[in-house]
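Sequence plus predicted model, see below.
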Amino acid sequence: MQQVHPHRLRRFLSAALAFALLLVAAPAMADVVRSVSTEYYMVDGTKPAAIVASLKRNSPLNEGDRTYQANTRTDIRTTYKIEQRGDTCRVVDVVIYLRLTYLYPKLKHSVDFETRKWWRTFYRQLEKHELIHGEISTKAAYKLNDTLEKLQPGDCYNYKSTVKVKARKIIDQMKKDQTSYDALTQHGFKQQRNMGKYP
């Protein structure tokens, strides 16, 4: 496995950070209820090579012949009311519920100092990658809330479908942003290559 030169890695991480900062701008005041939880799956091995093999074998995250070591699951639930006055409707009482669930590997066995040092570096890169996924989702939740709260009143005939289309557009864009970020980082693989010979 080719090792990434330090200055290229720094350039890449700076680009990823800039990407994240661009995405996370959100209104200061908004009705977004955000909850975060972390789950783990166990990996065997007491040396880096064995741990990497276990990661590939035990990870629940598979896509074709590729295996990923961590994941961010996003669940967004939107609640609101449509208030009607005559033939005019408007959205009121908007609340967005965002639940983020991070999934990471966890060592099953005690390891020596050098392996622990390697593991911490590896794990930090996973966290950096997944936390940006979480920020992309958070940005979308705030934008959804802001969009619905500012939606102008309209004819009740098709107002409900208008609200749904607006909401769907934001969710679809969030999914595209997640995909773009994974393309930039190759699902975090580029971030992880600073581990040396263990990809």
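Structure's in. What do you need? Quantities reported herein were computed from a predicted structural model and do not represent experimental measurements.

And for Q69, the neighbour number?
25 (other C-beta atoms under 10 Å). For the C-beta atoms, the positions are set from N, CA and C on the backbone; glycine is no exception.

Likewise for the one 3 residues further on?
The local packing count at T72 equals 19, with neighbours defined by other C-beta under 10 Å.

what does A141 give?
Close neighbours of A141, defined as other C-beta under 10 Å, add up to 26.

now L151
Neighbours of L151 (other C-beta under 10 Å): 18.

I'd assumed R90 was in contact with it.
Yes - between L151 and R90 there is a contact at 7.4 Å, judged by C-beta atoms under 8 Å.

right, and K143 touches I170 too?
Yes - proximity of K143 to I170 meets the contact threshold set by C-beta under 8 Å, at 5.5 Å.

Mind listing what's buried along the longest helix along the chain?
Counting residues, the longest helix found in the chain (DSSP state H) is helix 113-149. By neighbour count with 16 or more other C-beta atoms under 10 Å, helix 113-149 contains the buried residues 115, 118-119, 122-123, 125-130, 132-149.

any idea of the mean pLDDT for the longest strand along the chain?
Identified as the longest strand of the chain according to DSSP state E is strand 88-107. Strand 88-107 shows a mean pLDDT of 96.

Tell me the buried residues in that strand?
Buried positions in strand 88-107, judged by neighbour count with 16+ other C-beta under 10 Å: 89-91, 94, 96, 98-100, 102-103, 105, 107.

what do you get for stretch 160-167?
Buried residues in stretch 160-167, defined by neighbour count with 16+ other C-beta under 10 Å: 162-163, 167.

Find the nearest non-adjacent residue to the residue nearest the centre of the chain, please.
The chain has H133 as the residue nearest its centroid, 2.1 Å off, counting by C-alpha atoms, centre = their mean. Counting by C-beta to C-beta, 6 or more residues apart in numbering, T72 is the residue found nearest to H133 once chain neighbours are left out, at 3.9 Å.

got it, and N62?
Once flanking residues are discounted, N62 sits nearest to Y68: 7.6 Å by C-beta to C-beta, 6+ apart.

Same question for Y157.
Among residues not flanking Y157 along the chain, D87 sits closest, at 7.9 Å (C-beta to C-beta, 6+ apart).

one step back: isn't the residue nearest to N62 up against S59?
Yes - Y68 is within contact range of S59, at 6.4 Å (criterion: C-beta under 8 Å).

picking up where we left off before, can you report how many residues lie near the residue nearest to N62?
By the criterion of other C-beta under 10 Å, Y68 has 19 neighbours.

and what of the one 5 residues further on?
Residues within reach of R73, counting by other C-beta under 10 Å, total 14.

Relative to K106, how far out is it?
17 Å (C-beta to C-beta, to the nearest Å).

likewise K169?
Computed as C-beta to C-beta, the K169 to K106 distance reads 38 Å.
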